Structure formats: C-alpha cells, structure tokens
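A.B. asks: 3D model of this:
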Amino acid sequence: MNAILVLEDGTCFEGTSAGAAGETVGEVVFNTSMTGYQEVLTDPSYAGQIVTMTCPEIGNYGVGPEDVESRGLQVAGFVMRESSPVASNWRARGTLREYLVRHGIVAIADVDTRALTRRLRTGGVLRGALATGVNDVEALIARARAAPTVEGTDLVRGVTCETAYDWESRPSQGPGAGPEEFVVPPERQAARPLRIAAYDLGMKLNILRRFSAYNCQVRVFPASAPAADLLALEPDGIFLSNGPGDPAAVDYAVTNARAVVASGRPVFGICLGHQVLGLAMGGRTFKLKFGHRGTNHPVQRLATGKVEITSQNHGFAVDPDSLPDDVEVTHLNLYDGTVEGLRHKERPVFCVQYHPEASPGPHDADYLFRLFLDAMEARH
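C.D. replies: Numbering: from 1, shown residues only. Now for the predicted structure:
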C-alpha cells in the first residue's frame with residue numbers, strides 16, 4: 001500500500017506503508033541511533049511525535065519483550081528508509097512490521113530520510129501528517145497545519161501512571177526482562193535498601209531497573225500527585241523522570257518540584273525531570289530548533305573535563321542565563337553548548353538533560369545513579 005508524509009510547509013515524501021493502515025499527525029523529529037528502534041517506539045518521551053530514523057535500515061533484528069520501555073508504543077508515527085522484512089535475531093519474537101501493525105502505529109518506508117532530516121535540521125522541526133492510501137495531498141497538508149503544537153501542550157497527562165505503585169524488579173519475566181549477562185553491573189549497591197519516591201512524567205522502565213540494580217526500592221507516583229504524598233513516605237530520595245513535551249506546560253509538576261527541593265531531601269531528575277527542576281529552581285526553558293535525539297551525543301562534565309557519549313531525547317532546554325546564583329551548570333552539550341546538567345549549590349539537588357539509564361545507548365553516565373546513592377546515604 002502506498003503511504004505519504006507531508007510537512008506543514010507543503011513538503012511531501014512518498015513511500016510505502018510499513019505499519020498499520022490509517023492516518024496520524026504530530027511533530028516530525030529525527031533520531032540518529034543505529035539500533036534501539038523498539039526502545040524508541042516505546043519511550044513515552046516520544047508521545048505526539050512522528051519519529052524519523054536516520055539509520056538507513058531499521059528492523060533487521062526484529063522485536064522482543066526484553067526491549068520494551070513502557071506499557072505500549074508511544075510514537076504518533078514512524079518513518080524509515082528501509083524496513084527490513086527479516087528478523088535475524090535469536091531473541092526476536094516477530095518482525096517490526098508485525099509489531100507496528102499489531103499496535104496500530106502508522107509507518108512509512110522507502111522515504112529519503114536523509115533529505116527529510118536535512119529539511120528538519122535546516123528549517124527546524126515541523127508538524128506533519130502521515131497517511132496510507134491517500135491521494136488528496138492538499139487535505140493532508142491542511143491536517144498537518146491544524147495539528148496541535150508541542151509548545152504549550154501538556155503531553156504528560158497522557159503517559160503518566162494512573163495510580164501510585166511499588167516497582168518490583170522481575171529479571172526473568174515481563175516487559176524489559178532479559179538474561180543477567182545483558183545487565184550492566186552497578187558501580188556499587190546501597191548498604192541497605194534505599195527508598196525512593198518517583199514522579200512518573202513518562203518514565204522509561206530502564207530507569208527503574210537501574211534503581212533496582214543499585215539496591216533501591218521505588219514507589220512511583222502520578223505526575224499530578226501532591227508533593228506531600230511523596231514526602232509522607234519519608235523517602236531517602238525523590239526522583240523526577242523523563243517525559244514528553246513542553247516543561248512549561250506542566251505547571252503542576254513545577255509546583256511539586258519546588259516543594260521537594262525545599263524539603264531538603266536528595267532530588268535527582270532526568271530529561272523532562274531536569275527541565276522541571278530547572279524551572280522550579282528559578283530558571284526558564286526554551287524550544288530547540290530540532291532537538292537532540294540519538295545515542296551519540298557528546299556531553300562534557302565540567303567538574304572533571306571528561307566527555308561522556310550519551311543517549312538523548314528532548315526538544316527543550318534550560319536557559320543558563322536565567323538561572324539564579326545558587327544553581328550551577330554541571331554539564332554542557334558539545335554539539336551546541338546547551339545545558340545538559342544542573343546542581344543546586346546549597347541543597348542535595350541535581351539533574352541531567354540526557355539519559356544515564358541508556359536503553360538504547362552507551363552507559364558512560366551510569367555513575368549518576370551512584371551519585372544519587374551517595375547523596376541519600378549521606379543523610380544518615
């Protein structure tokens with residue numbers, strides 16, 4: 001079946017259907033990862049986005065339950081140069097196409113993804129419409145232009161958990177489970193099980209797996225839960241997760257973040273959690289031209305000068321000029337100089353824009369979980 005992707009500026013890309021039949025709209029973005037497409041598909045931070053993979057062949061190792069990062073597929077649509085019909089992997093439980101069809105994700109292949117990426121890189125991300133079997137291009141362009149913008153839109157409510165729950169690590173079964181030899185060992189484990197209260201802003205499962213590996217017990221709360229609910233547990237630390245969209249649109253999360261920062265307990269944030277903490281500590285955020293999405297982004301840790309290769313997925317950043325004197329920048333992106341990490345000078349609060357839990361991606365920054373462990377144990 002034929003398929004077509006159109007951008008709000010009228011640019012059209014014709015191809016073939018590689019997933020479910022239908023139509024979808026969203027912000028069109030690109031990801032430079034060579035592998036990890038199933039983790040991308042199931043990452044809640046991609047809610048509302050049509051994701052373009054820049055690697056020319058996608059799907060060659062199939063899909064399986066070990067590589068799931070949330071309750072289901074999260075992307076609005078999927079774009080590929082070539083969709084492999086073969087799943088060559090002993091772990092595979094099906095092909096990518098079967099997976100996309102089963103979960104109702106509209107996808108397109110045989111697209112010049114290099115040209116599409118250059119368009120987004122030069123002009124900035126654009127809204128798009130992706131459809132199968134449609135000949136009325138003008139109507140599709142109109143749908144792209146009518147699609148909601150990410151700026152000012154609260155996407156967190158659609159991906160957060162409905163009720164609080166205790167995370168239980170299941171190393172041999174369930175989503176994201178895998179053989180022990182595939183698990184990156186922690187730098188160390190807590191001497192006793194540490195209790196973490198976590199805000200689910202669109203949390204990836206591998207964050208929870210990493211906390212389990214470090215001997216932490218996590219109770220996960222909906223994004224809108226009052227900070228008092230988390231503090232009532234008297235946790236050793238509080239965590240704010242990754243998630244989709246505009247941090248300024250989730251004012252309730254910022255309000256809660258101010259309360260947990262003021263509590264004096266150790267606080268750690270990743271991705272959207274980093275941006276929310278930046279706002280809570282007095283900063284401002286802004287939308288990037290085309291965002292950072294991939295597993296090969298160099299970040300410098302300013303305290304040591306060392307460079308980490310990181311996994312990233314975000315379209316907004318914290319403005320360093322807006323930060324108060326008691327907040328310092330700890331990490332910088334070496335591509336464009338944007339803020340990748342913050343630390344409060346007087347309170348045990350720190351956060352990073354990238355993904356130390358990887359999945360997919362390198363594990364250069366896994367030490368951040370150990371730093372959170374250090375901060376929690378220092379209170380006792």
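A.B. asks: residue 147 reaches residue 140, doesn't it?
C.D. replies: No. Taking C-beta atoms under 8 Å as the definition, residue 147 is not a contact partner of residue 140, at 10.9 Å. Glycine gets a C-beta too; all of them are placed from N, C-alpha and C.
A.B. asks: now do the shared contacts for these two.
C.D. replies: residue 129 (C-beta atoms under 8 Å, 6 or more residues apart in numbering).
A.B. asks: where exactly do the helices run in this protein?
C.D. replies: All helices of the chain, identified by DSSP state H, fall at 37-41, 96-102, 113-123, 137-146, 205-213, 227-231, 251-262, 272-280, 367-377.
A.B. asks: relative to helix 272-280, how tilted is the longest one?
C.D. replies: Angle, helix 251-262 to helix 272-280, by axes from the mean of the first three to the mean of the last three C-alpha atoms, to 10 degrees: 80 degrees.
A.B. asks: helix 251-262 - contacts with which helices or strands?
C.D. replies: On a contact count with 3 or more C-beta pairs under 8 Å, 6 or more residues apart in numbering; DSSP states H and E, helix 251-262 meets helix 227-231, strand 237-240, strand 267-270, helix 272-280.
A.B. asks: reformat the ones you listed as CSV; add mean pLDDT and distance to residue 84.
C.D. replies: Formatted as CSV, these follow (pLDDT from 0 to 100; distance: least, C-beta to C-beta, whole Å):
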stretch, mean pLDDT, distance to residue 84
helix 227-231, 98, 44
strand 237-240, 98, 37
strand 267-270, 98, 31
helix 272-280, 98, 32
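A.B. asks: take the ones you listed and write them to JSON lines, including distance to residue 39 and mean neighbour count.
C.D. replies: Formatted as JSON lines, the helices and strands packed on helix 251-262 follow (distance: least, C-beta to C-beta, whole Å; neighbours: other C-beta atoms under 10 Å):
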{"stretch": "helix 227-231", "distance to residue 39": "27", "mean neighbour count": "17"}
{"stretch": "strand 237-240", "distance to residue 39": "20", "mean neighbour count": "27"}
{"stretch": "strand 267-270", "distance to residue 39": "15", "mean neighbour count": "26"}
{"stretch": "helix 272-280", "distance to residue 39": "17", "mean neighbour count": "28"}
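A.B. asks: who wins for proximity to residue 331 among the ones you listed?
C.D. replies: Of all the helices and strands packed on helix 251-262, helix 272-280 sits nearest to residue 331, with 9.9 Å by C-beta to C-beta.
A.B. asks: helices or strands next to the closest one in the packing?
C.D. replies: Identification of packing neighbours for helix 272-280 by 3+ C-beta pairs under 8 Å, 6+ apart yields strand 237-240, helix 251-262, strand 267-270, strand 284-301, strand 307-319, strand 339-344, strand 349-352.
A.B. asks: ok, residues contacting the first one?
C.D. replies: Read it as strand 237-240. 194-199, 201, 207, 211, 218, 230-231, 253, 257, 260, 263, 265-270, 272-274, 276-277, 351, 372, 375-376.
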